[in-house]
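Asker: Predicted model, plus sequence, below.
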Amino acid sequence: MPTLESRNRSHIAIIGAGPAGLMAAETIAQGGAGVTVYDAMPSAGRKFLMAGRGGLNLTHSEPLSDFLSRYREAGPQLAPAIEAFSPDRLRAWCEALGQPTFVGSSGRIFPKALKASPLLRAWLRRLDAMGVRFSLRHRWRGWDEKGRSLFQRPEGQIAVEARATVLALGGASWPRLGSDGGWVETLRAKGTKISSLEPANCGFTVPWSDIFRDRFEGQPLKNITLSFGARTVRGEAVITRSGIEGGAIYALSADLRQDILASGEATLHIALRPDLQAAALAARLSAPRGKQTLSNWLRKAVQLSPVALGLLLEAAKSSGISLSSLSPQALAEQINDVRLRLTGVSPIARAISSAGGIVFDELEEDFMIRRLPGVFVAGEMLDWEAPTGGYLLQACFATGAAAGKGVLGWLSGKEKG
């Protein structure tokens, strides 16, 4: 039998110590309720710290209407939470923690420290001062027959009584940092409808030749344009041993993933010199080749990097195209329309985030699960996805705050009842 752990009558359990869970804890503590944050990891914010390794992109400065469109079909459902805890409010929140922010050249917003650790330390100090308690190395195992949360600890299993619960367990990307999607079957068993968790902001597999893979693995493709369907993105990508990934790929990953899952593959179009119009590119390619090899001539005439040139040759070979036999105009078209066949989606464990989760129809407006009174949900457990650029963290902060407000409202209603 599990040990029973009981707190005061207003005790609220937050399960998950990422941005969504911590923001819910802060919101509820500000409302005067006692809060304990439970997490399976030895310390709070493990994935948050990982997100800040390359510079913590908190949110984005674009107009809110454009901002909300990045969430695709989930935009209308997320809008009230993000409007209530907007990018401007998130910046003010950071400032209050002694972490000023700035807007980068791309419109993305970062803390001036560019790291997650100073912000997380300041946040945890504030939560401690507010009386928020932490129970780490506590892995949630669902509920017992009395509705108490069960946690597995190194010392054994315990049952926890709480007046309300916020689930903020994340999706299923980077499971070694705590978000392993283990909650899905627990909630499905309670009748909650959940969309399958899929990789988001992920890489894709490409059937590279051994020669290309061994030579160019880890090399970046810079200043390229990627197109799929009606969408075109300017940015960078990186060749991996199994395929391709990177910021520009992530921006198209939702559409690419859906196409691959539906038909088994997708064709990505890559412009290697998008800054050159077709006529200008063809004019450069009209110069005599002389005794130069095709590779040397292309490198000099068009200023293609070794990896870009390698990709052009790789795609031509796989399509049965002889580049040396093409006219300048046709060769120019090939350079700015390299067709790359994607044959699979990289594993969710390597994805930056995940798509899918608890569908919004299962929730009240205050983020409480309809079938589970007193149980609220926030963050990546919800059925939404967004590209990188600050949209992921913003939605986690905002839904955490909304779930926290939902708890306070529910407690108030219970007291009045």
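Answerer: Done, it's in. Numbering: from 1, shown residues only.

Asker: what ranges do the helices span in the stretch 251-400 of the chain?
Answerer: Remark: helices assigned in the stretch 251-400 of the chain by DSSP state H, counting those that start in this stretch are 278-284, 294-302, 306-319, 328-335, 391-416.

Asker: for the stretch 51-200 of the chain, same thing?
Answerer: Under DSSP H, counting those that start in this stretch, the stretch 51-200 of the chain gives helices at 64-69, 75-84, 87-96, 117-129, 183-188.

Asker: in the longest one, what counts as buried?
Answerer: Neighbour-count burial for helix 117-129, counted by 16 or more other Cβ atoms under 10 Å, picks out 118, 119, 120, 123, 124, 126, 127. For the C-beta atoms, the positions are set from N, CA and C on the backbone; glycine is no exception.

Asker: With distance to residue 184 and pLDDT added, can I get those residues in TSV?
Answerer: Below are these laid out as TSV (distance: Cβ to Cβ, whole Å; pLDDT from 0 to 100):
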residue	distance to residue 184	pLDDT
118	34	95
119	30	96
120	27	96
123	28	98
124	29	98
126	32	98
127	28	98
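
Asker: Just send those back as CSV, with distance to residue 339 too.
Answerer: Conversion of those to CSV gives the following (distance: Cβ to Cβ, whole Å):
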residue, distance to residue 339
118, 45
119, 43
120, 44
123, 47
124, 49
126, 52
127, 51
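
Asker: which one of those is nearest residue 24?
Answerer: residue 127 (11.0 Å; Cβ to Cβ).

Asker: quick one: that closest one and residue 27, what's the gap?
Answerer: According to Cβ to Cβ, to the nearest Å, residue 127 stands 11 Å off from residue 27.

Asker: cool, residue 323 as well?
Answerer: Residue 323 is 60 Å from residue 27, by Cβ to Cβ.

Asker: higher neighbour count, those two?
Answerer: residue 27 (22 against 17; other Cβ atoms under 10 Å).

Asker: does the more buried one really touch residue 400, like I thought?
Answerer: Yes: if you go by Cβ atoms under 8 Å, residue 27 and residue 400 touch, sitting 7.3 Å apart.

Asker: ok, now which ones touch the nearest residue to residue 404 once chain neighbours are set aside?
Answerer: With sequence-adjacent residues excluded and distances taken as Cβ to Cβ, 6 or more residues apart in numbering, residue 404 is closest to residue 27, at 2.8 Å. Taking Cβ atoms under 8 Å, 6 or more residues apart in numbering, we find residue 27 in contact with 400, 401, 403, 404, 405, 407, 408.

Asker: mind putting those in TSV, neighbour count, distance to residue 381 and pLDDT included?
Answerer: Formatted as TSV, the contacts of residue 27 follow (neighbours: other Cβ atoms under 10 Å; distance: Cβ to Cβ, whole Å; pLDDT from 0 to 100):
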residue	neighbour count	distance to residue 381	pLDDT
400	30	11	98
401	24	15	98
403	31	10	98
404	31	15	98
405	21	17	98
407	28	15	97
408	19	20	97
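
Asker: residue ranges with poor pLDDT in the protein?
Answerer: 1-10, 52, 414-417 (pLDDT under 70).

Asker: Nearest to the spatial middle of it, which residue is it?
Answerer: By Cα atoms, centre = their mean, the chain has its centre lying nearest to residue 353, at 3.2 Å.

Asker: That one contacts residue 171, correct?
Answerer: Yes: with contacts counted by Cβ under 8 Å, residue 353 reaches residue 171, the gap being 6.3 Å.

Asker: Quick check: neighbours shared by the two?
Answerer: In contact with both residue 353 and residue 171: residue 380, using Cβ under 8 Å, 6+ apart.

Asker: The closest residue to residue 331 other than its chain neighbours and residue 302, how far apart?
Answerer: Spatial nearest neighbour of residue 331, excluding adjacent residues (Cβ to Cβ, 6+ apart): residue 285 at 5.2 Å. Using Cβ to Cβ, one obtains 7 Å as the distance from residue 285 to residue 302.

Asker: which ones are touching the residue nearest to residue 308 when sequence neighbours are not counted?
Answerer: Spatial nearest neighbour of residue 308, excluding adjacent residues (Cβ to Cβ, 6+ apart): residue 272 at 4.7 Å. Listed by Cβ under 8 Å, 6+ apart, the contact set of residue 272 reads 221, 224, 302, 304, 308, 311, 312, 335, 336, 338.

Asker: let's see it at 7 Å
Answerer: 224, 304, 308, 312, 335, 336, 338 (Cβ atoms under 7 Å, 6 or more residues apart in numbering).

Asker: any idea how far residue 143 is from it?
Answerer: For residue 272 relative to residue 143 (Cβ to Cβ), the value is 55 Å.

Asker: Closest to residue 204 out of the contacts of residue 27?
Answerer: Nearest to residue 204 among those, counting by Cβ to Cβ, is residue 400 at 30.8 Å.

Asker: Give me the residues contacting stretch 119-137.
Answerer: In contact with stretch 119-137 (Cβ under 7 Å, 6+ apart) are residues 22, 25-26, 29, 34-45, 48-49, 94, 97-99, 111, 153-154.

Asker: Keeping just the C-alphas, turn that stretch into CSV.
Answerer: Output of stretch 119-137 as CSV, limited to C-alpha atoms (Å, rounded to 0.1, in the frame of the first residue of the first chain):
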residue,chain,number,x,y,z
LEU,A,119,16.0,33.3,-15.3
LEU,A,120,15.2,29.9,-13.8
ARG,A,121,17.2,30.6,-10.6
ALA,A,122,15.5,33.9,-10.1
TRP,A,123,12.1,32.3,-10.7
LEU,A,124,12.7,29.5,-8.3
ARG,A,125,13.8,32.0,-5.6
ARG,A,126,10.5,33.9,-6.1
LEU,A,127,8.5,30.7,-5.9
ASP,A,128,10.3,29.7,-2.7
ALA,A,129,9.6,33.1,-1.2
MET,A,130,5.9,32.6,-2.1
GLY,A,131,5.8,29.3,-0.1
VAL,A,132,5.7,27.0,-3.1
ARG,A,133,7.1,23.6,-2.2
PHE,A,134,8.9,21.1,-4.5
SER,A,135,8.8,17.4,-4.3
LEU,A,136,11.4,16.1,-6.9
ARG,A,137,12.1,12.6,-8.0
